[in-house]
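Chemist: Here's a sequence, model it:
(chains A and B)
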2 protein chains.
Amino acid sequence: MFREIVAFRRSPQFNDRFRYDLKQLLRWRRDVRRFRTDAIPETLVEELLDLACLAPSVGNAQPWRFVSVDDAGNRAAIIANFNQANARALAGYHGERAQLYAGLKLAGLKEAPRHLAVFCDEGTAQGHGLGRQSMPETLRYSAVLAVHTLWLAARTRALGVGWVSILDPVAAAEQLRVPREWTLVAYLCLGWPTEEQDEPELQRAGWQARDAACRQVLWR
Amino acid sequence: MFREIVAFRRSPQFNDRFRYDLKQLLRWRRDVRRFRTDAIPETLVEELLDLACLAPSVGNAQPWRFVSVDDAGNRAAIIANFNQANARALAGYHGERAQLYAGLKLAGLKEAPRHLAVFCDEGTAQGHGLGRQSMPETLRYSAVLAVHTLWLAARTRALGVGWVSILDPVAAAEQLRVPREWTLVAYLCLGWPTEEQDEPELQRAGWQARDAACRQVLWR
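Modeler: Now for the predicted structure:
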């Protein structure tokens, strides 16, 4: 035990092998919508949550709040919320885009064995407001950082994560009966993907390709 | 060349060693405010930007926009912006908290060899609005995901990143003369840290400790 703690506190050095693997992780992490239905061991979900809480947060406020949505009625309410938001979104497209949109699979809510909603506790006293007087949105950004950490950690276990943002977030918070100060940041589906891909699904579907122009730097 | 491409497209398997190192990376990534002043090779910054662009984004919109702030006048303007925002924040604290706040080092803007501002292009047509009709904030969240990716990648190169959020973001956008549709998401300092730590600086300073309660899960 003592040896382990000592080892942990020694500043790590990362080598080329690790950097290569990390790049692979970043390349092969996907927004997954096609899941197998087999259950995820609870210990694995616990491990992911432990890692997610190592994320940075403004003022060390740790404002992430996790809600595991397992009740069939609550899942059905979220699926209905998605269907409504998705129909509304579809109505905003026309012609070929609408056809393309209608053909996309945008969530795996029915198949995914786990639903995890991530909220930001806007009322938290933790962090004592530090770092977010002039940019209060950084509190929600901190919850986003926890989501991303969980996402990467999941992929190292071959687990897929799908972020469902086609939802009315206020209705979702009501459906899940969370405290009034909690804002929905991300609704996640977790499960084993039916396929591995290094190309974004929306690129494969002809919706939106990667664009090298986004990588350009303005010099000021 | 061909062999490399083939190798890259084979779905990676991650082992215990990689997962251990990734946990170390998450534990030892810090918000750094104490930098050495030596320059960062440009190739290294380029590498970090390449990796940052592998981040997930809503609708594959890739809304992150990078601004390298190198001009002395622009840096001075940002430092003045920080000083003003920080003085205003300090005025909101009283008694011991105010004393504690005044003693914190909250940014390394003067020492850090590189300043990188990350914006979200709210006007981008990329992604064709997919996934952000009901939660438009996910566009900014996508830029946050790029910031986090860059942050982790930097740490694998022993480089420190400090996220400065004590800024008037609208004034910063004006100071850096970016397009009107760009919203400041993060102002980053980059450089080699003067020390390595696995404990958040705000915890060491007695401002805000890690809190295990944030890890609790609500079941719904």
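Chemist: going forward, measure contacts and count neighbours with C-alpha atoms only.
Modeler: Noted.
Chemist: pLDDT wise, what is A:Phe2 at?
Modeler: pLDDT recorded at A:Phe2 is 49.
Chemist: Could you list which residues are in contact with A:Leu106?
Modeler: Neighbouring residues of A:Leu106 by C-alpha atoms under 8 Å, 6 or more residues apart in numbering or on different chains: A:Arg33, A:Val164.
Chemist: May I have the phi/psi pair for it?
Modeler: phi -110, psi 0 (degrees, to the nearest 10).
Chemist: So which bits of the longest strand along chain A are buried?
Modeler: When every strand of chain A is counted residue by residue (DSSP state E), the longest turns out to be strand A:182-191. Neighbour-count burial for strand A:182-191 flags A:Trp182, A:Thr183, A:Leu184, A:Val185, A:Ala186, A:Tyr187, A:Leu188, A:Cys189, A:Leu190, A:Gly191 (criterion: 16 or more other C-alpha atoms under 10 Å in any protein chain shown).
Chemist: Output those in TSV; the columns should cover pLDDT.
Modeler: Listed next are these as TSV, based on pLDDT from 0 to 100:
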residue	pLDDT
A:Trp182	98
A:Thr183	98
A:Leu184	98
A:Val185	98
A:Ala186	98
A:Tyr187	98
A:Leu188	98
A:Cys189	98
A:Leu190	98
A:Gly191	98
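Chemist: Closest one of the residues you listed to B:Ala98?
Modeler: Proximity of these to B:Ala98 (C-alpha to C-alpha) peaks at A:Trp182, which lies at 27.6 Å.
Chemist: which residues sit in contact with the closest one?
Modeler: Counted by C-alpha under 8 Å, 6+ apart, A:Trp182 has contacts A:Phe119, A:Cys120, A:Asp121, A:Glu122, A:Gly123, A:Ala173.
Chemist: Leaving out the residues flanking it, which one is nearest to it?
Modeler: A:Asp121 (4.5 Å; C-alpha to C-alpha, 6 or more residues apart in numbering or on different chains).
Chemist: Which pLDDT value belongs to the one you found?
Modeler: On the pLDDT scale, A:Asp121 is placed at 98.
Chemist: Likewise for A:Ala89?
Modeler: At A:Ala89, pLDDT is 98.
Chemist: now swap in A:Arg10 and tell me
Modeler: According to the model, A:Arg10 scores 80 on pLDDT.
Chemist: And A:Ala7, by the same measure?
Modeler: So A:Ala7 comes in at 48 (pLDDT).
Chemist: in chain A, which spans are helices?
Modeler: For chain A, the helices defined by DSSP state H occupy A:2-9, A:16-28, A:42-52, A:72-91, A:95-103, A:138-156, A:169-175, A:201-204.
Chemist: now those in TSV, with distance to chain B and mean neighbour count?
Modeler: Listed next are the helices of chain A as TSV, based on distance: least, C-alpha to the nearest C-alpha, whole Å; neighbours: other C-alpha atoms under 10 Å in any protein chain shown:
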stretch	distance to chain B	mean neighbour count
helix A:2-9	7	10
helix A:16-28	6	17
helix A:42-52	7	16
helix A:72-91	6	16
helix A:95-103	8	13
helix A:138-156	5	24
helix A:169-175	7	16
helix A:201-204	7	16
